[in-house]
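Novice: Model the following, please.
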Amino acid sequence: MATLADVARRAGVSTATVSRIINNSPKPVTEALRERVLAAVAELQFVPNANAQQLARAHRSAVGVIVHDVSDPYFAEITRGLQRVATDNGRLVIICNSYRDPERELAYVDLLHAHRTAAIILAGSGYHDAPITARLDRKLRLYQSTGGRVAVIGRHEHAGDAIVPENEHGGWLAGDALYRLGHTAVGVIAGPRHLTTTTDRLAGLRRAARDHGHRLTTRHIAYADFDRAGGAAAAAELLGRLPGLTALAALNDSMAVGALACLRERGVDVPGQVSVIGFDDMPISVDVTPRLSTVRLPLEEIGQRAMSLALREPADGRDGPLVEHAAATLVLRDSTVSR
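Specialist: Sure, this is the predicted structure:
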């Protein structure tokens, strides 16, 4: 492979001049000199070293995004929004899958820091784990002290700007809808206990139950992974535990789809015997039968807003992090009916 020195010899200039031209340095050079260097680059098929470019440029060009699982439709939609804004701003997005492993998130923050990314975006839920939270916050503050930007999506106890979805209110919307339809025996398919997203959405459902004179006890709640298999397993558990069950509220749409599959396999009519409501409003919500009632979050917009925060100029006169909220709205379709 050709080196920077090879290009410099071919163009008859110094390596510093070559570096300035290929890294778009603001220091002026004549157009004839620029064309001579670029011709040498093309002739030798020179490929610049990305790490060296990061060091040479006046600004960092890459943004690191840590998601729980990019194959999850929730994160796929958010990532679409993140990349749209990054592309418009000429930024490269580095996607890191943590698979909901806090230790892996810590390692990715170190790795992205070492690669001098312009910003780090945490796109997954926060954890109910004080030691992990403290360690992650220290790493993010260290990263910020070297000029990096931090933005988070969801409820976190970390440095940086934040886009906070209305998870608690969304849970209330789902519960309120079911109780208004006349359901009194409601089961909840919850996500992992250690995630703040689970806690917040469940808190909203509990508040709705209280508002309608009911209670959601531990018998009414089954915890599972935020995926189709988890939803199916939790639905089966609740059907066995609550014989009079008339409605299931799943804390994301993937789990709701799993619940629909479980009910179909058992010959339970939806919504005739059991109504089902999800959360997030994934594209699949309108493709399943019956079409899924859900709580909508503007996920692509959330991604766009988070990237915009991560790339904003820090010297804007504000003190402290900027926190924005993303509204949750109820979408009733065919999977829920009144009793």
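Novice: Tell me where the stretch 1-150 of the chain has helices.
Specialist: 4-11, 15-22, 31-44, 50-56, 73-88, 102-114, 130-145 (DSSP state H, counting those that start in this stretch).
Novice: quick one: which of these has the weakest pLDDT on average?
Specialist: Here the helices of the stretch 1-150 of the chain differ in mean pLDDT, and the lowest is helix 50-56 at a mean of 51.
Novice: lowest average confidence, helix or strand, in this protein?
Specialist: Lowest on mean pLDDT, DSSP states H and E among the helices and strands of the chain sits helix 50-56, with a mean of 51.
Novice: Same question for the helix or strand hosting residue 234: list its buried residues.
Specialist: Element membership for residue 234, per DSSP states H and E: helix 228-241. For helix 228-241, the neighbour count (16 or more other Cβ atoms under 10 Å) marks 228, 230, 231, 232, 233, 234, 235, 236, 237, 238, 239 as buried. (C-beta placed from N, C-alpha, C; glycine too.)
Novice: separation between the residue nearest to the spatial centre of the chain and residue 101?
Specialist: Nearest to the mean C-alpha position of the chain, by Cα atoms, centre = their mean, lies residue 123 at 3.2 Å. Going from residue 123 to residue 101 by Cβ to Cβ, to the nearest Å gives 15 Å.
Novice: Repeat that for residue 305.
Specialist: Counting by Cβ to Cβ, the gap from residue 305 to residue 101 is 26 Å.
Novice: how about the strands in the chain?
Specialist: Taking DSSP state E to define them, one finds strands in the chain at 62-67, 92-97, 119-122, 149-153, 161-165, 186-190, 221-223, 247-250, 275-277, 294-296, 323-326, 329-331.
Novice: care to break this protein down by domain?
Specialist: 4-56, 62-165+300-326, 167-297 (automatic domain parsing).
Novice: quick one, which of these is packed in tightest?
Specialist: domain 167-297 (a mean of 21; mean count of other Cβ atoms under 10 Å).
Novice: end-to-end on it?
Specialist: 9 Å (Cα to Cα, to the nearest Å).
Novice: Any idea how far that domain is from the middle of the chain?
Specialist: 21 Å (Cα atoms, centre = their mean, to the nearest Å).
Novice: Measure how the helix holding residue 234 sits relative to strand 186-190, angle-wise.
Specialist: 150 degrees (axes from the mean of the first three to the mean of the last three Cα atoms, to 10 degrees).
Novice: Determine the set of other helices and strands touching helix 228-241.
Specialist: strand 186-190, strand 221-223, strand 247-250, helix 253-265 (3 or more Cβ pairs under 8 Å, 6 or more residues apart in numbering; DSSP states H and E).
Novice: Dump those to TSV, plus mean pLDDT.
Specialist: Output for the helices and strands packed on helix 228-241, formatted as TSV (pLDDT from 0 to 100):
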stretch	mean pLDDT
strand 186-190	98
strand 221-223	98
strand 247-250	98
helix 253-265	98
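Novice: Would you mind saying which of the ones you listed lies nearest residue 45?
Specialist: helix 253-265 (45.6 Å; Cβ to Cβ).
Novice: Just the CA atoms of that closest one, as CSV, please.
Specialist: The C-alpha trace of helix 253-265 is given here as CSV (Å, rounded to 0.1, in the frame of the first residue of the first chain):
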residue,chain,number,x,y,z
ASP,A,253,-44.7,-4.4,20.7
SER,A,254,-42.3,-7.3,20.2
MET,A,255,-43.6,-8.8,23.4
ALA,A,256,-47.2,-8.1,22.4
VAL,A,257,-46.6,-9.9,19.1
GLY,A,258,-45.3,-12.9,21.1
ALA,A,259,-48.4,-12.7,23.3
LEU,A,260,-50.6,-12.8,20.2
ALA,A,261,-48.8,-15.9,19.0
CYS,A,262,-49.3,-17.6,22.4
LEU,A,263,-53.0,-16.8,22.5
ARG,A,264,-53.4,-18.0,18.9
GLU,A,265,-51.7,-21.3,19.6
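Novice: ok, back up a step: quick one: closest of the helices of the stretch 1-150 of the chain to residue 208.
Specialist: helix 73-88 (22.0 Å).
Novice: which other helices and strands contact that closest one?
Specialist: Looks like helix 73-88 contacts strand 62-67, strand 92-97, helix 253-265, helix 299-311 (3+ Cβ pairs under 8 Å, 6+ apart).
Novice: what pairs with the second one, and is each one parallel or antiparallel?
Specialist: Strand 92-97 sits in its sheet next to strand 62-67 (parallel), going by DSSP bridges.
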